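Visitor: Structure, please.
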Amino acid sequence: MTKILTTQQMRDVDRLSTERFGIPSILLMENASVQLLRALEQRFPNLVDLEVTIVAGKGNNGGDGAALARQLLQRGVKPHFLLLAQVDEAKGDARTNLEILVKSGYPITEILSPEDWASQQGRIDNSDIVVDALLGTGLSKPAEGLYRAAIESINQSRAFVLAVDIPPACRRTRAPEAT
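Guide: The predicted model follows:
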């Protein structure tokens, strides 16, 4: 049985896991990546034959995406990894997971502007699977600029979208309309 949590419930689970039970957040990222891989393998038995693109932000959600990239590589899948930042902008465990990819020689494409994103549109359009590891539970206002462009592209793609925390269609790319 799958349980769907609200954003606040997910934040509480993460906080309690680290504060109350002492589980390091890097281990939470690793566990998330294993479960994401399991979900993909259950849905796509031929995963190694598919085009996979991971679109990641510089926060913990992006760290989950980097950990998933490692899991996929161990299974023979070579995902395209698009980071909507520079690796050195990431902090903490997210940076650790990104640096593991860098040190292993795996290519990370740093996307720094909407124009950079536009140059990757073909990659999104040709992907069978897009993993959205952009924003996670921290989104508190409508997405703008580069993130908005990425979310809109992901929403419009023909690919199966696996969202690490919050599906892109649920993310606000514009302010709610007044009623």
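Visitor: Surely residue 125 touches residue 158?
Guide: Yes: applying Cβ atoms under 8 Å, one finds residue 125 in contact with residue 158, separated by 7.3 Å. Where you see a C-beta, it was placed from the backbone N, CA and C, and this is true even at glycine.
Visitor: ok, now which ones touch the residue most central in space within the chain?
Guide: With distances taken as Cα atoms, centre = their mean, the residue of the chain nearest its centroid is residue 133 (1.1 Å). Contacts for residue 133 (Cβ atoms under 8 Å, 6 or more residues apart in numbering) come out as 54, 55, 56, 57, 61, 62, 64, 65, 66, 68, 164.
Visitor: pLDDT score assigned to it?
Guide: Here, the pLDDT recorded for residue 133 equals 93.
Visitor: The one 4 residues further on now?
Guide: On the pLDDT scale, residue 137 is placed at 67.
Visitor: Could you do the one 4 residues further on as well?
Guide: Residue-level confidence at residue 141 comes out at 67, pLDDT.
Visitor: re earlier: any idea how far residue 22 is from the residue nearest to the centre of the chain?
Guide: According to Cβ to Cβ, to the nearest Å, residue 133 and residue 22 sit 25 Å apart.
Visitor: Give me the contacts around the stretch of helix or strand residue 36 belongs to.
Guide: Following DSSP states H and E, one finds residue 36 within helix 25-43. Residues from elsewhere that reach helix 25-43, judged by Cβ under 8 Å, 6+ apart: 14, 17-18, 47, 52, 60, 63-64, 67-68, 70-72, 75, 92-94, 96-97, 129, 131, 160, 162, 164.
Visitor: export that helix as PDB, just CAs?
Guide: Output of helix 25-43 as PDB, limited to C-alpha atoms (Å, rounded to 0.1, in the frame of the first residue of the first chain):
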ATOM      1  CA  SER A  25      20.400  12.800   6.200                       C
ATOM      2  CA  ILE A  26      22.900  11.400   3.700                       C
ATOM      3  CA  LEU A  27      21.600   7.900   4.600                       C
ATOM      4  CA  LEU A  28      18.000   9.200   4.000                       C
ATOM      5  CA  MET A  29      19.200  10.300   0.500                       C
ATOM      6  CA  GLU A  30      20.700   6.900  -0.200                       C
ATOM      7  CA  ASN A  31      17.500   5.100   1.000                       C
ATOM      8  CA  ALA A  32      15.400   7.500  -1.200                       C
ATOM      9  CA  SER A  33      17.600   6.600  -4.200                       C
ATOM     10  CA  VAL A  34      17.200   2.900  -3.600                       C
ATOM     11  CA  GLN A  35      13.400   3.200  -3.500                       C
ATOM     12  CA  LEU A  36      13.300   5.400  -6.600                       C
ATOM     13  CA  LEU A  37      15.300   2.800  -8.400                       C
ATOM     14  CA  ARG A  38      13.000   0.100  -7.200                       C
ATOM     15  CA  ALA A  39      10.000   2.000  -8.500                       C
ATOM     16  CA  LEU A  40      11.600   2.500 -11.900                       C
ATOM     17  CA  GLU A  41      12.600  -1.200 -12.200                       C
ATOM     18  CA  GLN A  42       9.100  -2.400 -11.300                       C
ATOM     19  CA  ARG A  43       7.500  -0.200 -13.900                       C
END
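Visitor: Nice, that's everything, thank you.
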